[in-house]
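> Kindly return the folded structure for what I paste below:
(one chain, ligands or ions: 1)
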Amino acid sequence: MGVYVVTGVASGMGRATANELRWRGHRVIGIDLHRADICADLSTEEGRAKAIAGVHEQSGGRLEGAVFAAGLGPIPGKEEVVAKVNFLGTVELAEGIRDLLARGNESKVVIFSSNSTTTVPGVTPEIVKAFWDRDFNTVLKIANQSEAPSTSVYAGSKTALAHWVRRTATSMDWAGQGIRMNALAPGAILTPMVESQLEIPEHAEQIKALPIPLGGFGDPADIAQWVLFMLSPAANFLCGSVIFLDGGTDAWFRANDFPLPLAPEQMEHFTKRYQEYQEFRKQRDGK
Ligand code: NAD
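Residues are numbered from 1 along each chain as shown. Alright, predicted model coming up:
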């Protein structure tokens, strides 16, 4: 039995995941604004520092996994908080507890991204870069030039996270230390987050109009089962993947966009990455 960190443990998919982990006999260190082992505001620097210190204190020195579910949806007027909790509340916390994950045995990390990454207009490479640079003035400036700033910030934060996972998961600090990090991209899941959006008429209209070929909404308990699968030995060979769990929305809109074959103009980059891998392999294997 292992020790796992779950953020966003007080509600929705984080809560369902923590319940499932505990039911299977694991110990969970839950983080949230309230109703958690560590109560911390992950949108602030102090809150993130408190969470990192608390996990070090409570973990006993190692973790078998971490699930980053804390987050906010698109909330008009709260763009800065949404940007910071969704991106920094995940990335900085993951970086801050990486040492404990590296001591675990084939430890697993699941990051909650979203299918808004591929299905929402208005996310530009510039806003993703600004998240990467942790330059939130620029994030807000770019978002404010779009038609729906709160949606651009939300989808931008989740796209930046998905790219961060793809890029970071394969690095020496993560894959090189045996940590398996992947992202989940849920569609519309009936949690308190979506329930509150359904109470706002224009958001409700948008959500109900969304193509979901399987119909209905996702169930948080089903998503928790998936997260458990991604924390299990079944995921030992999974690294840097973004898994869509959205009733078919992404495939409906973007059937031919993924997988994309290797284009001739990408050969230079490909060759460079081959060469870089030789160095990576030497370091990873200690040769
Ligand atoms: P939820 O609102 O039920 O739970 C989110 C939790 O995050 C809450 O307990 C909340 O208190 C916590 N949280 C929010 N701000 C925080 C802060 N500053 N510091 C600490 N904790 C904070 O939401 P959910 O639907 O279970 O969402 C879980 C994750 O999945 C989120 O990252 C969300 O963006 C993502 N997601 C949800 C959906 C959906 O349809 N529900 C779709 C795609 C992605």
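> how close does Cys39 sit to Asp135?
Distance of Cys39 to Asp135, computed by Cβ to Cβ, to the nearest Å: 29 Å. C-beta: built from backbone N, CA, C; applies to glycine.
> I'd like the average pLDDT over stretch 153-171.
For stretch 153-171, the mean per-residue pLDDT is 98.
> Buried residues in that stretch, which are they?
Going by neighbour count (16 or more other Cβ atoms under 10 Å), the buried part of stretch 153-171 is 153-166, 168-170.
> Give me the distance between the two termini of stretch 168-187.
24 Å (Cα to Cα, to the nearest Å).
> Would you mind listing the buried residues in that stretch?
Residues of stretch 168-187 classed as buried under the neighbour-count rule (16+ other Cβ under 10 Å) are 168-170, 174-175, 177, 179-187.
> what about stretch 204-221, start to end distance?
Criterion Cα to Cα; first-to-last residue distance in stretch 204-221 is 22 Å.
> ok, residues contacting that stretch?
12-13, 15-16, 20, 119, 186-191, 194, 197-198, 245-249, 251-253 (Cβ atoms under 8 Å, 6 or more residues apart in numbering).
> quick one on the thing from earlier: out of the buried residues of stretch 153-171, who's near the ligand?
Among the buried residues of stretch 153-171, no residue is within reach of the ligand (Cβ under 6 Å from any ligand atom).
> who's more crowded, Cys39 and Asp135?
More crowded of Cys39 and Asp135, by other Cβ atoms under 10 Å: Cys39, with 16 against 12.
> Is any residue of the strand or helix carrying Ala183 near the ligand?
Assigned by DSSP states H and E, Ala183 belongs to strand 180-186. Yes. Using Cβ under 6 Å from any ligand atom, strand 180-186 reaches the ligand at Pro186.
> Distance from the chain centre to the helix or strand following that strand, please.
Sequence-wise, the next helix or strand downstream of strand 180-186 (DSSP H and E) is helix 192-198. Helix 192-198 has its average C-alpha position 19 Å from the chain's average C-alpha position, going by Cα atoms, centre = their mean, to the nearest Å.
> Would you mark the buried spots in the very next helix or strand once past helix 192-198?
Next helix or strand after helix 192-198 toward the C-terminus (DSSP H and E): helix 201-209. Neighbour counts over helix 201-209 (16+ other Cβ under 10 Å) mark His203 as buried.
> quick one: the strands in the stretch 51-200 of the chain?
In the stretch 51-200 of the chain, the strands defined using DSSP state E, counting those that start in this stretch lie at 65-68, 108-112, 180-186.
> And the ones you listed: which comes nearest Tyr277?
strand 180-186 (18.0 Å; Cβ to Cβ).
> and the stretch 1-150 of the chain, which residues reach the ligand?
8, 10-14, 32-33, 41-43, 69-73, 85, 89, 112, 114.
> can you rerun that using 5 Å?
Listed as neighbours of the ligand in the stretch 1-150 of the chain under the rule Cβ under 5 Å from any ligand atom: 8, 10-13, 32-33, 41-43, 69-71, 85, 112, 114.
> Could I have the buried ones of the residues you listed as PyMOL selection syntax?
The buried residues among those can be selected in PyMOL (16+ other Cβ under 10 Å) with this line:
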select buried, resi 8+10+11+12+13+32+33+41+42+43+69+70+71+85+112+114
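> Could you list the low-pLDDT ranges of the stretch 151-287 of the chain?
Residue ranges of the stretch 151-287 of the chain with pLDDT under 70: none are present.
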